[in-house]
Structure formats: C-alpha cells, structure tokens
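Engineer: The following comprises the amino acid sequence and a computationally predicted model.
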Amino acid sequence: MTVNNWIKIYNESNINEFTSTRENETRFWQTLSFLQVQNEFSQALKDAAQFGIKYVLVAINEDIGPRGNCGNGGATDGWFAFLKRFLNLPCNQFLQPDNVLLLGEIITVDLQAKSENIDNCTAEGLEQLRTLCSELDQRVSGVLKAIFDAGLEPIVIGGGHNNSYGLLKALSQSQKVPCQAINFDPHADFRALEGRHSGNGFSYAHHEGYLNDYHVVGMHEQKNNDTIVSALTEAGFTYNSYQEILVSRQVSLTDAITPALKRFDKSRPVGIEVDVDAISGMPVSAFTNCGFSVNDAEHFVYLGALHPNAKYLHLCEAAPANHPQGAQQGHIEAGQVLSGLVCSYLRAKQN
C-alpha cells in the first residue's frame, strides 16, 4: 500500500450528518476547505498550501495502541464527537477557519478489524496488538510526512498516544532534524522498547533519533514507575509533576510550560502533545478525577502554539463511550473539550 491508500479524503457528504445551519450565522463547516483530489495526494496538499491553507484536520480512529499498553479501548470515537461540535461553531471576529483544511481519516478500519477479538490480558494478545501498532505507525508517518512536506501544520485527533511516534518520525524526516516535544500528560509515555503501544511513543522516537528534547507537564508521580522516570532523566529530558503544580503548588502551570519552550532549540521543530486523560472527568482511555481543568489544558495548548517552531497539535485518548453517564454524554463533553483545544491552537496562531 502507498500513502494514497492510507487516507480517506473527506468531502462535504462525509460531514452532512454532523452539521446544521442557523439563520444569520455562518458556521465553521461553511468556511473550511476540503482537499481537491484531481491531483496525486502529495501534490494536492502542496496546491492547498498555495491557495492559503495552513492547518490540516486529520483523524486516527483506533484503540490498538492503548489496548497494546494493557489499557482500555474506546479511543476510536473522539474524532466524531469533535466534528459534531467543532463544525457547528459560529464564525466571528474572534476566529474563522478559512485557512483550515478538513482532510479526513487515516485508514484504520482493517487494522481495527484484525484487533477486535484479541485479548490484551495475554502475552500472545499483547504481541499481536503491538505488531498491528507498528503497521499503523507506517501509515501515520507516511500520511503526516506528506502534510509536513507541503508546509502545512496538522491537527491530529483521535486514537492513542502511540501516534506521537508516527508524528515525530514524519516531522523529523520532513525537516531532516530531530524534533522537540512538550506533552501535557499524567504519563511520560517513556516505557521500555518492548513492542509498540501507547506507552512508549516518545521512548521509541528518542531511540530512533527523531526526538532530542522533551518536557512533560503534569506528570503524575503515582502513575509512572521508577524505570520510566529514570529513563526519562537519563535521556536528558525533564518534567514538572502534577503534584508540583496542583498539590504542593511549588510551580504555577505557566511556569511549568514556558521554561521548556524557551530552552527549545530555535532551529528544530516542536510538537504540541495533549493526552486528554490529563483532564479531570474527561471520557478517556484512562479516566481520572485527579487531573487538570479544561481551561488549564487550553492554556497549555495556547502557550505551546505561540512557540515560533510549533508544527503540530496532537489530541489523543478521548473515548466518549467511557463516560460514567454513558456514550451520549461522553460525546457531548469530548466534543466540547476537543473543540476548545483546537480553537486555542488556532487562536494562538493568528495572534
């Protein structure tokens, strides 16, 4: 398969079920663009950039990575919750997505089907899921490299945090330098190189030379074992813990973010990573009541996007069906939060 076979490109018919209209109001879906598919995929992206597109919305609807990390499924549906909310937001003097391309979905349906009956409580099952995750990596890095090569900034929504690896690989290969990343996450995702899953995207990226500076904001001291923390430190990477920021209040959230952004090498690209299980009460793969507020997450995204070398936003792990009050409420809340985070990124970029 080639990159052209790894992407489901949207047109207006793909979003009709999510959109509505209101008199005297222009909504986001009426302003953003779709990819013109007359040309080969990579060339079509370059043409879009020539016509003024800067940002590309793309989905990865999978839960193979979280399940391969001994976790729960459900990260397949965050994108659809996002669309229902984001597409119907009103255009106004504060924000208009006229330079945003709604690309579509990286194709995962075949990999998801293969994973459906795999038991992640067995060693054999975990090995199978991690093999499928490696197959997904190839698709993610292929599609995302084409986006970066066109000079565009992807906003990637859905799936597990395993997809950080494909993003960092694509960005590094496109710009021919190692990347830097700042991650809002209770987990460092720096587990052992034991086969690909959602818990080792950054350790694999570092091991393979795609990541050379990394800072975790809100890392939870009780959710990372000593091997993970030691590996992070030995790599020369840093963190500010949830406990430092919200329990002992030794450092403010802003001061946990800005020093890392300031130290990042001005010649290297930066990825903005958000695992939404950092947010209290968010319907996610790993639900928590010991987390940050939505506006804390929005502040993180806003500050990250202000960095002159910020090249992408990655929002992962939303799992609407895992909401304690059911899937319907989960879709409402996930849609609101994901839309707010994307708007924070776009707002920072237009300033």
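Structural biologist: Received it, and whenever you're ready, just let me know what you need. What you see is a predicted model, and the numbers here were worked out from it, not measured in a lab.
Engineer: Surely F292 and S280 touch.
Structural biologist: Yes - applying Cβ atoms under 8 Å as the test, F292 and S280 come out as touching, 6.6 Å apart. C-beta: built from backbone N, CA, C; applies to glycine.
Engineer: now the strands: where do they sit in the stretch 201-350 of the chain?
Structural biologist: Counting by DSSP state E, counting those that start in this stretch, the stretch 201-350 of the chain has strands at residues 211-219, 238-241, 270-275, 310-316.
Engineer: The shortest one - what's its average pLDDT?
Structural biologist: When pLDDT is averaged over strand 238-241, the result is 98.
Engineer: Can you pull out the residues in contact with the very next helix or strand once past that strand?
Structural biologist: Downstream of strand 238-241, the next assigned helix or strand under DSSP states H and E is helix 242. Applying Cβ atoms under 8 Å, 6 or more residues apart in numbering, the contact partners of helix 242 are 186, 218-221, 290-292.
Engineer: And for stretch 117-129?
Structural biologist: Counting by Cβ under 8 Å, 6+ apart, 64, 67-68, 70-71, 115, 195, 197 sit against stretch 117-129.
Engineer: Which single one of these is nearest to N11?
Structural biologist: Nearest to N11 among the contacts of stretch 117-129, counting by Cβ to Cβ, is I64 at 27.2 Å.
Engineer: can you put the strands of the stretch 201-350 of the chain in a markdown table and add mean neighbour count and distance to V251?
Structural biologist: Output for these, formatted as a markdown table (neighbours: other Cβ atoms under 10 Å; distance: least, Cβ to Cβ, whole Å):
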| stretch | mean neighbour count | distance to V251 |
| --- | --- | --- |
| strand 211-219 | 25 | 10 |
| strand 238-241 | 21 | 6 |
| strand 270-275 | 28 | 19 |
| strand 310-316 | 26 | 22 |
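Engineer: Mind checking those for the one nearest to L32?
Structural biologist: Among those, strand 310-316 comes nearest to L32, with 15.7 Å by Cβ to Cβ.
Engineer: export the strands of the stretch 201-350 of the chain to TSV and tack on distance to G201?
Structural biologist: Listed next are the strands of the stretch 201-350 of the chain as TSV, based on distance: least, Cβ to Cβ, whole Å:
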stretch	distance to G201
strand 211-219	9
strand 238-241	16
strand 270-275	9
strand 310-316	9
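Engineer: among the ones you listed, which is nearest V56?
Structural biologist: Of those, nearest to V56 by Cβ to Cβ is strand 310-316, at 9.2 Å.
Engineer: Just the CA trace of the closest one, in CSV.
Structural biologist: Only the C-alpha atoms of strand 310-316 are listed here, as CSV (Å, rounded to 0.1, in the frame of the first residue of the first chain):
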residue,chain,number,x,y,z
ALA,A,310,5.3,24.7,16.8
LYS,A,311,4.5,22.5,13.9
TYR,A,312,1.5,20.3,15.0
LEU,A,313,-1.1,19.7,17.7
HIS,A,314,-1.9,16.1,18.7
LEU,A,315,-5.0,15.5,20.8
CYS,A,316,-5.3,11.8,21.8
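Engineer: packing partners for that strand?
Structural biologist: In terms of contacts (3 or more Cβ pairs under 8 Å, 6 or more residues apart in numbering; DSSP states H and E), strand 310-316 is packed against strand 153-157, helix 163-175, strand 270-275, helix 294-306, helix 327-350.
Engineer: Please report how far the residue nearest to E40 when sequence neighbours are not counted lies from L103.
Structural biologist: Once flanking residues are discounted, E40 sits nearest to N4: 6.9 Å by Cβ to Cβ, 6 or more residues apart in numbering. Using Cβ to Cβ, to the nearest Å, one obtains 13 Å as the distance from N4 to L103.
Engineer: Ok, P90 next?
Structural biologist: The value you get for P90 to L103, if Cβ to Cβ is used, is 23 Å.
Engineer: More neighbours: which of the two?
Structural biologist: L103 (27 against 12; other Cβ atoms under 10 Å).
Engineer: what's around G236, how many residues?
Structural biologist: 10.
Engineer: Look up how far K349 lies from it.
Structural biologist: Taken as Cβ to Cβ, the span from G236 to K349 is 29 Å.
Engineer: where do the strands sit along the stretch 1-150 of the chain?
Structural biologist: 7-9, 55-60, 100-106.
Engineer: Can you list the strands that the first one pairs with?
Structural biologist: Based on DSSP bridges, the strands next to strand 7-9 in the sheet, each with its direction, are strand 100-106 (antiparallel).
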